[in-house]
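>>> this is the structure alone, sequence omitted:
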């Protein structure tokens, strides 16, 4: 049985101090590859990772994607804290994120999720944050029925530690406060 802790975001930052280092705004690129390492898609991204002071959940991430052809997508990932890890459960995915306690350098997190409506499709993600905290690199391995079907490489640079002063409904391309 999963234990729901219902902690405020300040307590989540203490429980998951490595995750807390990711708070802020990240700009980057997603590059998707097929199993033979041929790039099949790439797009820009802006991720806003926040720990709201109030609200029902202690963590909320919003991903803004934009393609060269003008296509745009926005995805929200609110999360709770259960059994020592961040837990996602929304209309798109169900999964978790956890700090890798065996990493003596405190640079790594792991994430797993299953796509809702397609139980055979799941993903594992490894996230690394640079020691200076300015760069973040992520690797996704997508599996269907146990077979690798895709890889995603994500390179990001921190645009700001602060997300609170951003106004508007997209965050994308807006001035970032310092």
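Arrived safely, thanks for sending. Predicted, not measured: the structure shown is a model, and the values here were computed from it. Residues are numbered from 1 along each chain as shown.
>>> and the residue positioned nearest the centre of the chain, how far is that from residue 21?
Residue closest to the mean C-alpha point of the chain, counted by CA atoms, centre = their mean, is residue 61 at 6.7 Å. Distance, residue 61 to residue 21, by CB to CB, to the nearest Å: 14 Å. From N, CA and C alone the C-beta is placed, and that goes for glycine too.
>>> kindly report the same for residue 93.
In this view, residue 93 and residue 21 are 23 Å apart by CB to CB.
>>> thinking again about what came up before, name the nearest residue to the residue nearest to the centre of the chain, sequence neighbours excluded.
For residue 61, ignoring the flanking residues on the chain, the nearest one in space by CB to CB, 6 or more residues apart in numbering is residue 77 at 4.4 Å.
>>> can you check residue 44 too?
According to CB to CB, 6+ apart, the nearest residue to residue 44 is residue 66 (5.0 Å).
>>> neighbours of that neighbour, how many?
Neighbours of residue 66 under the rule other CB atoms under 10 Å: 17.
>>> ok, it - contacts?
43, 44, 45, 72, 172 (CB atoms under 8 Å, 6 or more residues apart in numbering).
>>> what bridges to the second one?
Counting by DSSP bridges, residue 44 is bridged to residue 29, residue 66.
>>> any idea of the pLDDT on it?
At residue 44, the model reports a pLDDT of 95.
>>> with the last one instead?
Per-residue confidence at residue 172 stands at 51 (pLDDT).
>>> next one: residue 155
At residue 155, pLDDT is 98.
>>> what's the local residue count around it?
14.
>>> quick one: secondary structure of it?
strand (DSSP: H, G, I helix; E, B strand; the rest coil).
>>> ok, residue 19 next?
Applying three-state DSSP to residue 19 yields a three-state assignment of helix.
>>> where along this protein do the helices fall?
For the chain, applying DSSP state H gives helices covering 9-15, 17-20.
>>> I am finished for the moment; much appreciated.
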